[in-house]
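>>> here is a sequence with its predicted model. Questions after.
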Amino acid sequence: MYDPTKPYKKQILELVKQTWETPYVSAKDGIVEKKFSYPECHHIDGIGTKGIFHWEQRSFRNAVLDALAMNLNDLAFMRATPYAMIDHLFLPEDDKNAILDIVKYLTKECRKRDIAITGGETAIHNNMEGLELSITMLGFVKKPKPNQFKEGNILIGIESNGLHSNGFTKIRKLFGREYRSDFILPTHIYSNTIPALDKKFDIHGMMHITGGAFTKLKDLLDDDANATIRNDHTLNPQKIFWELYKKGVSDEEMYKTFNCGIGFVLGANKKDVGGILKQIKGFKADIIGAIIQGDGKVMIQSQFSKKEIRY
C-alpha cells in the first residue's frame, strides 16, 4: 500500500545532504549558492525500457550508473563540468528498500564526482512494469567551443561494453521474457576520460553513441562533408549484437538503434591521433574512420555483412 507521507523522507535527506558542499556549490534548505560564474549547459535523460530489467533483477546500483552515464557522457561532449543534479524516480510500487538503495548509490556516485543533489521526487505508478530514474544534470562550460567535425578529421572510437541503455524496446520485442546478464550491464561513463583529452588536444567533434546511434554523427557534419566508418577496426560488436543481427535486425537498423561496440566518437586532426590513443586509459580505443568531402552523409561498412550503409 502506497503511503503518501513518504516516511523515508528523513533518511533520504540525510543521504543527499552529504553532497551539498562541493568545490562548485553550497546548498542548504533548498537554496543553492554557486561558487563560479561561467556559461551553463543543462541536460536531462533517464534509463527508459532498460529499467524493467533493473527492477526485475533489483540491480539498483547499475540503474544509477546508467542514469548518470546518459547525462554525464552527453555533458562531456558539450565540454561541460557537472556540478548539480535533480532526480525523478518512478517505481511501480512503494518499495522503501529500493528507494533508499537507489538514493544511497546515487549519493555515493555524486560525492565521487563533486555533484550536488539539489532536489528530487519519487512517484509511484502502479501501471509501470519497471523503474525509471530520470536525471536533470547541470554543468558549466569554462571555454565554449563548437562541436563540429572538420574535413580531414580522423574518427576515433572508444569501446562500449555492450548494449548500454538504448534499444531496449527492440530487445524486449525480440527476447520477450528471456533474460541475459547483458541486459543490466551499466553504461560506460566516459566523463573522466574526455575532459583530459580535450584539454590536451584539439578535438573538433565528439558524440556519445546513444539513441539514434551513428545517425547522430550527421549533427556534427557540414553539408559538404561525409563521415565514413570502416569495418577493419578492433572495436568489434559484442556477442549480444550478433544475436540481434541473427534474429533479423537489418544492418541499417543495427547502426541506427545500437552502438555496435562503440560508445563514444571523437574527431581530431591526424597529428593528434597517436597522442589521443595513448592517453585513453581504461577503455579500448581505435581509429574507426574519417571525415571526407561529401554531401552531409554518414557511411558505414557493416561489421555484420560488409554491406555499406548510408544515412
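Good, I have the coordinates.
>>> was I right to think residue 287 contacts residue 156?
Yes: counting by Cβ atoms under 8 Å, residue 156 is a contact partner of residue 287 at 6.0 Å. In this view, the C-beta of every residue, glycine as well, is placed from N, C-alpha and C.
>>> got the domain boundaries for the protein?
9-140, 154-310 (automatic domain parsing).
>>> got those domains as TSV, with mean pLDDT and distance to residue 146 columns?
What follows is the domains of the chain, written out as TSV (pLDDT from 0 to 100; distance: least, Cβ to Cβ, whole Å):
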stretch	mean pLDDT	distance to residue 146
domain 9-140	97	10
domain 154-310	97	8
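>>> so which of those gets nearest residue 148?
domain 154-310 (5.5 Å; Cβ to Cβ).
>>> stretch 172-184: how far from the chain's middle?
20 Å (Cα atoms, centre = their mean, to the nearest Å).
>>> name the residues that touch that stretch?
Residues outside stretch 172-184 that contact it (Cβ atoms under 8 Å, 6 or more residues apart in numbering) are 49-50, 52-54, 56-57, 59, 62, 162-163, 168, 171, 238-240, 244, 247, 249.
>>> ok, 7 Å please
49, 53, 54, 57, 59, 62, 162, 163, 171, 240, 244, 247 (Cβ atoms under 7 Å, 6 or more residues apart in numbering).
>>> turn the domains of the chain into TSV, columns for distance to residue 3 and mean neighbour count.
Below are the domains of the chain laid out as TSV (distance: least, Cβ to Cβ, whole Å; neighbours: other Cβ atoms under 10 Å):
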stretch	distance to residue 3	mean neighbour count
domain 9-140	6	18
domain 154-310	29	18
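>>> just to revisit the earlier point, common neighbours of residue 287 and residue 156, please.
By Cβ under 7 Å, 6+ apart, the residues touching both residue 287 and residue 156 are residue 273.
>>> narrow the contacts of stretch 172-184 to those in strands?
Nothing among the contacts of stretch 172-184 maps onto strands, per DSSP state E.
>>> mind checking how far the closest residue in space to residue 206 that isn't next to it in sequence is from residue 199?
Nearest residue to residue 206 in three dimensions, chain neighbours excluded: residue 77, at 3.8 Å (Cβ to Cβ, 6 or more residues apart in numbering). Distance of residue 77 to residue 199, computed by Cβ to Cβ, to the nearest Å: 14 Å.
>>> show the contacting residues for the residue most central in space within the chain.
By Cα atoms, centre = their mean, the mean C-alpha position of the chain lies nearest to residue 70, the distance being 2.9 Å. Applying Cβ under 7 Å, 6+ apart to residue 70 gives the contacts 45, 46, 47, 165, 187, 210.
>>> narrow the residues you listed to those in strands?
Reading strands off those with DSSP E, I get residue 45.
>>> ok, the contacts of residue 70 vs residue 85, which is closest?
Closest to residue 85, out of all of the contacts of residue 70 and judged by Cβ to Cβ, is residue 45, at 11.1 Å.
>>> the closest one contacts residue 71, correct?
Yes: judged on Cβ atoms under 7 Å, residue 45 makes contact with residue 71 at a distance of 5.3 Å.
>>> overlap in contacts, those two.
What both residue 45 and residue 71 touch, as defined by Cβ under 7 Å, 6+ apart, is the set residue 135.
>>> OK, contacts around the residue nearest to residue 73 when sequence neighbours are not counted?
Once flanking residues are discounted, residue 73 sits nearest to residue 208: 4.1 Å by Cβ to Cβ, 6+ apart. Neighbour list for residue 208: 73, 74, 77, 264 [criterion: Cβ under 7 Å, 6+ apart].
>>> ok, the third one - contacts?
In this case it means residue 77. Contacts for residue 77 were tallied using Cβ under 7 Å, 6+ apart; they are 147, 206, 207, 208.
>>> whichever strand or helix holds the third one pairs with which strands?
Put plainly, it is residue 207. Residue 207 is part of strand 203-208, with elements assigned from DSSP states H and E. When pairing is defined by DSSP bridges, strand 203-208 lines up against strand 262-268 (antiparallel).
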